[in-house]
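Visitor: Quick one, what's the 3D model for this:
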Amino acid sequence: MERAMLGVSLRDQIRNVEIRRRTRGTDIAQRVAKLKWQWAGHIVRRKDGRWDPKVLEWQPRTGKRSVDRPPKRWTDDGRF
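Guide: Residues are numbered from 1 along each chain as shown. Model (predicted):
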C-alpha cells in the first residue's frame with residue numbers, strides 16, 4: 001500500500017525502511033507484536049478466577065499414557 005502511495009515498484013529496489021520514512025508510517029508487524037504482548041500482560045495480571053491465567057501457566061504431566069488412552073487433556077491435571 002505504501003509503495004502504491006509513493007508510486008514506487010519493487011524494481012526500484014527501495015527498502016521498506018526508506019518507504020516508511022517517507023510515508024511516516026509504522027511497521028504493522030511491529031505494531032501487532034506490541035499489541036499482542038500488551039494483551040498477554042493484561043491477561044496474566046488478572047486475578048478474578050477466569051481461565052486465561054490458568055491456561056498460560058498450565059504444565060502438562062510428563063511421561064506417556066498407556067496404550068489405547070486418549071492424549072493428555074487439561075482436565076487430567078486435576079487443577080481445573
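Visitor: C-alpha from now on. contacts and neighbour counts both.
Guide: Will do.
Visitor: I'd like to check which residues are in contact with Ile19.
Guide: Taking Cα atoms under 8 Å, 6 or more residues apart in numbering, we find Ile19 in contact with Glu2, Arg3.
Visitor: any idea how far it is from Asp48?
Guide: Distance from Ile19 to Asp48, counting by Cα to Cα, to the nearest Å: 45 Å.
Visitor: which residues of the chain score low on pLDDT?
Guide: Low-confidence segments of the chain, defined by pLDDT under 70: 51-66, 69-80.
Visitor: can you give me the helices in it?
Guide: Taking DSSP state H to define them, one finds helices in the chain at 2-6, 16-23, 28-45, 51-57.
Visitor: For Asp68, which of those is the nearest?
Guide: With Cα to Cα as the criterion, Asp68 lies closest to helix 51-57 of the helices of the chain, at 26.1 Å.
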